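Engineer: build me a model:
(one chain, ligands or ions: 2)
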Amino acid sequence: MHNKQPIGFIDSGVGGLTVVKEALKQLPNENILYVGDTARCPYGPRPAAQVIEYTWQMTRYLMKKDIKMLVIACNTATAVALEEIKAALPIPVVGVILPGTRAALKATKNNRIGIIGTIGTIKSGSYEEALTQKAPNTTLSSLACPRFVPIVESNEYHSSVAKKIVAETLQPLKLKQLDTLILGCTHYPLLRPIIQNVMGHSVTLIDSGAETVGEVSMLLDYFAIANAPQASNQKTCEFYTTGSANMFEEIANSWLNLTKISVTHIDLGAC
Ligand code: I24
Ligand code: DGL
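Structural biologist: Ligands and ions are numbered 1, 2, ... in the order given. You can find the predicted model right below:
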């Protein structure tokens, strides 16, 4: 059976577009609805209770639009809100933490894994919990990198300043003999070449967003809710932002190379 209903993606802002880019590649038949809470981004430094509240508002907004599956594309939101949202919704809900953890376990040979993310993600201990549940014999080194999101959002992610900050920040992880490092934040794939250089080429980097789309693909088949092949002009890809629609559109256009993109400003206050 085929199912035309869209897949919903939620994120604190535009960072989740790294996950959408993977979805367009791995799931070209699927219709997509995306909510980015750009007006209240970043979530990384916010208290968990606030991130949970905001994540629920985005979730309720998309549930009114009849999505068939929800992807929490933000690591910080997944870390604190996935369990309760998953328990409450009648549709499959996927976060970005478990798929990244699975991929890291598959990649590691010495069982020394690293995880980098926002303050909220690291503080939550969600990656530790996921990893020790699955494989108690592994050692996880976690590190918050609060300066990384601002580097990307100020468009400096290719600069020498970025190289310096990444090298300084990751210094403590270089002593841990990791062979695998999870990029536990939507923005980090943009810093990937620099992170790879700093950590060395023997370290496998795991893109949690890309791994997540693989899991979404698997779940679409498992629940038999994938969409049929469709002409690209039949496809909907709609974006909703709590911030400026024009600025969102600029970033989405340059990142996704879609032909027609629809961006609408929304208010989540009443959701
Ligand atoms: N990248 C991100 N956020 C931004 C940015 C960026 N500005 C330039 N680039 N701004 O996240 C955040 C605040 N904005 C958001 C839109 O509304 C107004 C406020 C990472 C995006 C990852 C897809 C750099 C940049 C770009 C285009 C594509 C990718 C990218 F301009 F990193
Ligand atoms: N989307 C967030 C994450 O993946 C990064 C940006 C933010 O702090 O809101 O953790």
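Engineer: check which element follows whichever strand or helix holds A130 along the chain.
Structural biologist: Using DSSP states H and E, A130 sits within helix 126-134. Counting by DSSP H and E, the next helix or strand C-terminal to helix 126-134 is strand 139-144.
Engineer: now that next one, how far from the centre of its chain.
Structural biologist: Relative to its parent chain, strand 139-144 has a centroid offset of 18 Å by C-alpha atoms, centre = their mean, to the nearest Å.
Engineer: what does it contact?
Structural biologist: For strand 139-144, contacts defined as C-beta atoms under 8 Å, 6 or more residues apart in numbering pick out 111-119, 121-123, 127-128, 131-132, 169-170, 172-173, 176, 178. Where C-beta positions appear, they are placed from N, C-alpha and C, glycine not excepted.
Engineer: go again with 7 Å.
Structural biologist: With C-beta atoms under 7 Å, 6 or more residues apart in numbering as the test, strand 139-144 has contacts from 111-119, 122, 127-128, 131, 172-173, 176, 178.
Engineer: tell me the spacing between the residue in the stretch 1-150 of the chain positioned nearest to ligand 1 and ligand 2.
Structural biologist: The nearest approach of the stretch 1-150 of the chain to ligand 1 comes at L17, 3.9 Å away (C-beta to the nearest ligand atom). L17 is 10 Å from ligand 2, where distance means C-beta to the nearest ligand atom, to the nearest Å.
Engineer: now that residue: closest residue in space that isn't a chain neighbour?
Structural biologist: Spatial nearest neighbour of L17, excluding adjacent residues (C-beta to C-beta, 6 or more residues apart in numbering): W255 at 5.2 Å.
Engineer: flag the shaky bits of the stretch 51-200 of the chain, pLDDT-wise.
Structural biologist: Scanning the stretch 51-200 of the chain for pLDDT under 70 picks out no residues.
Engineer: the spatially most central residue of the chain - nearest residue in space that isn't next to it in sequence?
Structural biologist: Geometric centre of the chain, nearest residue: A73, 3.5 Å, by C-alpha atoms, centre = their mean. In space, and not counting its chain neighbours, A73 is closest to G16: 3.4 Å by C-beta to C-beta, 6+ apart.
Engineer: pull the number of nearby residues for the one you found.
Structural biologist: Neighbour count of G16, defined by other C-beta atoms under 10 Å: 27.
Engineer: who touches it in this structure?
Structural biologist: 9, 34, 36, 73-74, 186.
Engineer: can you say which of the contacts of strand 139-144 are buried?
Structural biologist: 112-119, 122, 127, 131, 173, 178 (16 or more other C-beta atoms under 10 Å).
Engineer: those residues in helices, which ones?
Structural biologist: 119, 122, 127, 131, 173 (DSSP state H).
Engineer: got phi/psi on the residue nearest to A73?
Structural biologist: When read as degrees, to the nearest 10, the backbone of G16 gives phi -60, psi -10.
Engineer: same deal with P92?
Structural biologist: phi -60, psi 140.
Engineer: hmm, R40 is touching E53, no?
Structural biologist: No - the criterion here is C-beta atoms under 7 Å, and R40 misses it with E53 at 10.2 Å.
Engineer: tell me which of the two has more neighbours.
Structural biologist: Neighbour count, other C-beta under 10 Å: between R40 and E53, R40 has more, with 16 against 13.
Engineer: who in the stretch 101-250 of the chain is up against ligand 2?
Structural biologist: Counting by C-beta under 6 Å from any ligand atom, the stretch 101-250 of the chain comes close to ligand 2 at 117-118, 121, 149, 185-187.
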